[in-house]
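Asks: A structural model of the following input is requested.
(one chain, ligands or ions: 1)
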Amino acid sequence: MQWLVPEPDWLGALPPDVAGHIRTLAGLPGFPRHLARFSAVLKKLDKKHEGTAKVLAVEAWRMADKDPVVRQYADWAIRRHVPGWHFGIINDDGRNAIYQEALNRHVRPGMTVFEVGTGTGVLAMLAAREGAAHVYTCEMEPLLVEVARKNIARNGLTDRVTVIPKRSDKVELGVDLPERADLFVAEIVDNGLLGEEALTITADVQARLLKPGAVLLPDQIELRGTLVGGPKCNRFFRARPACGLDVSALDRLGPAAVQSPAGLETDLAEDVVALRFDLATAASYRTAQTSVEVKVRTDGEAEGFLSWIWLRFGAGLEYTNRPPAVSCWGPRIHVFPTPMPVTAGQLVPMQVHHDCKRVRIWSER
Ligand SMILES: C[S@@+](CC[C@H](N)C(=O)[O-])C[C@H]1O[C@@H](n2cnc3c(N)ncnc32)[C@H](O)[C@@H]1O
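Replies: Below is the predicted model:
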């Protein structure tokens, strides 16, 4: 097979010595495997080659995405573009159902819908299916743009859904989007609530791309939580005696926050709202620190503050991954440096800090 005839653009954009080596490799049988392996070598050689290595790995994968060896060597680059959690979210029926219900309630015939973060295209297609006149959806990841366009074509919706291959802040009114939208939908909330920059993105979209009074889905987002303790909770941040030996000197190197194990007992204290954002108010968000008090229910030892997300899709439609719910979103434990003895009725003040992206929660006690 003549792999590089005619020569693709990506080859011309490479450093000349790398491009020369690839032209040599292209003459060998099984060229995609050679290319994928070469990308791995290049990546290992020096950090400064990582960008080039990523291009080569992706191109090897494009040529032979079913070749198991190519997949092994190119995987790191594909994962950088498309993290594995995309499968977790698209296979989460509860998540999909709440967005479907929200779109069913709020999309009216003739509406223009705008989405940030197309992914597979699922939400854009649901909005079209619910009767939107047209859905414009932007995606910053080129490999996902290809995926979404294929899915949209497979579902016969190409004339009703337009994928804009851009980051949301580069989307231009009158160029990519013909008019301000009536409804904005996005699933850009991570386990920590703000990690995908939902606040900044929504504020920008609202100012530039939406009609006044446009529907936002979700329209309110919160980080909620409570104190947690008990033996199930601390295995990822406290070193227990091992074969009768005290190995707890490791504890000082423990993480400040971890993903929570599933099915944690959460009856040590009452639930509180740690952070609340009403997205519809179009605030200009800034770094902030607040304090919340958690009321202890039963005597025990608190190991940390367990947080989860809460989303509202207009009045009366809410979603949360509060344990014991099973969800693609995982609750997080903000770990106390040492276990904290607590007694029923006590109020434990928690500090909650966010910089519009990362949330940090701790206790000064
Ligand atoms: C959590 S996924 C949701 C995908 C899809 N909407 C769904 O619900 O299954 C978020 C997607 O948004 C994209 N994304 C995040 N920030 C973006 C931005 N500012 N502009 C465009 N795409 C963005 C990511 O690449 C990712 O594909």
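Asks: For the rest of this, base every contact and every neighbour count on C-alpha atoms.
Replies: Fine.
Asks: okay, the longest strand seen in the chain in CSV with CA atoms only?
Replies: Secondary structure assigned by DSSP state E gives strand 300-312 as the longest strand of the chain. C-alpha atoms of strand 300-312 as CSV (Å, rounded to 0.1, in the frame of the first residue of the first chain):
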residue,chain,number,x,y,z
GLY,A,300,-17.5,9.3,65.6
GLU,A,301,-14.3,10.2,63.7
ALA,A,302,-14.5,12.3,60.6
GLU,A,303,-11.9,11.5,58.0
GLY,A,304,-12.9,14.2,55.5
PHE,A,305,-15.6,16.1,53.7
LEU,A,306,-17.4,14.0,51.0
SER,A,307,-18.7,16.2,48.1
TRP,A,308,-21.0,15.5,45.2
ILE,A,309,-22.7,17.5,42.5
TRP,A,310,-26.3,18.7,42.3
LEU,A,311,-27.8,20.1,39.0
ARG,A,312,-31.1,21.7,38.3
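Asks: That one - contacts with which helices or strands?
Replies: strand 220-229, strand 318-320, strand 332-342 (3 or more CA pairs under 8 Å, 6 or more residues apart in numbering; DSSP states H and E).
Asks: partner strands of it, parallel or antiparallel?
Replies: Using DSSP bridges, the strands paired with strand 300-312 in its sheet are strand 220-229 (antiparallel), strand 318-320 (antiparallel), strand 332-342 (antiparallel).
Asks: how about the helix or strand just after the last one: buried residues?
Replies: Going down the chain from strand 332-342, the next helix or strand is strand 347-354, by DSSP states H and E. Applying a neighbour-count criterion of 16 or more other CA atoms under 10 Å, the buried positions in strand 347-354 are 348, 350, 352-354.
Asks: One more: stretch 272-283?
Replies: Buried-residue list, stretch 272-283, by 16+ other CA under 10 Å: 272-275, 277, 279-280, 282.
Asks: ok, now stretch 195-209?
Replies: 195-206, 209.
Asks: ok, now stretch 39-56?
Replies: Neighbour counts over stretch 39-56 (16+ other CA under 10 Å) mark 39-40, 42-43, 50, 52-56 as buried.
Asks: cool, stretch 162-178 as well?
Replies: 162-166, 168, 171, 176-177.
Asks: swap in stretch 260-272?
Replies: For stretch 260-272, by 16+ other CA under 10 Å, it's 260-261, 264, 266, 268-269, 271-272.
Asks: Distance from that stretch to the middle of the chain?
Replies: 23 Å (CA atoms, centre = their mean, to the nearest Å).
Asks: mind checking the end-to-end distance for it?
Replies: One end of stretch 260-272 to the other measures 18 Å (CA to CA, to the nearest Å).
Asks: Name the residues that touch it?
Replies: For stretch 260-272, contacts defined as CA atoms under 8 Å, 6 or more residues apart in numbering pick out 224-230, 232-233, 292-300, 302, 306, 323-324, 326, 330-333.
Asks: Tabulate the buried residues of stretch 39-56 in TSV, adding columns for secondary structure and distance to Ile361.
Replies: Shown next, in TSV, are the buried residues of stretch 39-56 (DSSP: H, G, I helix; E, B strand; the rest coil; distance: CA to CA, whole Å):
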residue	secondary structure	distance to Ile361
Ser39	helix	40
Ala40	helix	39
Leu42	helix	40
Lys43	helix	36
Glu50	helix	35
Thr52	helix	39
Ala53	helix	38
Lys54	helix	36
Val55	helix	39
Leu56	helix	41
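Asks: Using CSV, lay out those together with pLDDT and distance to the ligand.
Replies: Putting those into CSV (pLDDT from 0 to 100; distance: CA to the nearest ligand atom, whole Å) gives the following:
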residue, pLDDT, distance to the ligand
Ser39, 95, 23
Ala40, 94, 24
Leu42, 92, 26
Lys43, 93, 23
Glu50, 92, 20
Thr52, 93, 21
Ala53, 95, 21
Lys54, 95, 17
Val55, 94, 18
Leu56, 95, 21
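Asks: Pick the one among the residues you listed closest to Ile152.
Replies: Val55 (26.2 Å; CA to CA).
Asks: list the contacts for the closest one?
Replies: Trp10.
Asks: got the CA positions of stretch 187-194 in PDB?
Replies: What follows is stretch 187-194, C-alpha atoms only, in PDB (Å, rounded to 0.1, in the frame of the first residue of the first chain):
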ATOM      1  CA  GLU A 187     -22.700  18.900  30.100                       C
ATOM      2  CA  ILE A 188     -19.500  20.500  31.300                       C
ATOM      3  CA  VAL A 189     -19.600  19.700  35.000                       C
ATOM      4  CA  ASP A 190     -17.000  17.300  36.300                       C
ATOM      5  CA  ASN A 191     -16.700  15.400  39.600                       C
ATOM      6  CA  GLY A 192     -15.500  18.600  41.400                       C
ATOM      7  CA  LEU A 193     -18.300  20.700  39.700                       C
ATOM      8  CA  LEU A 194     -16.100  23.400  38.200                       C
END
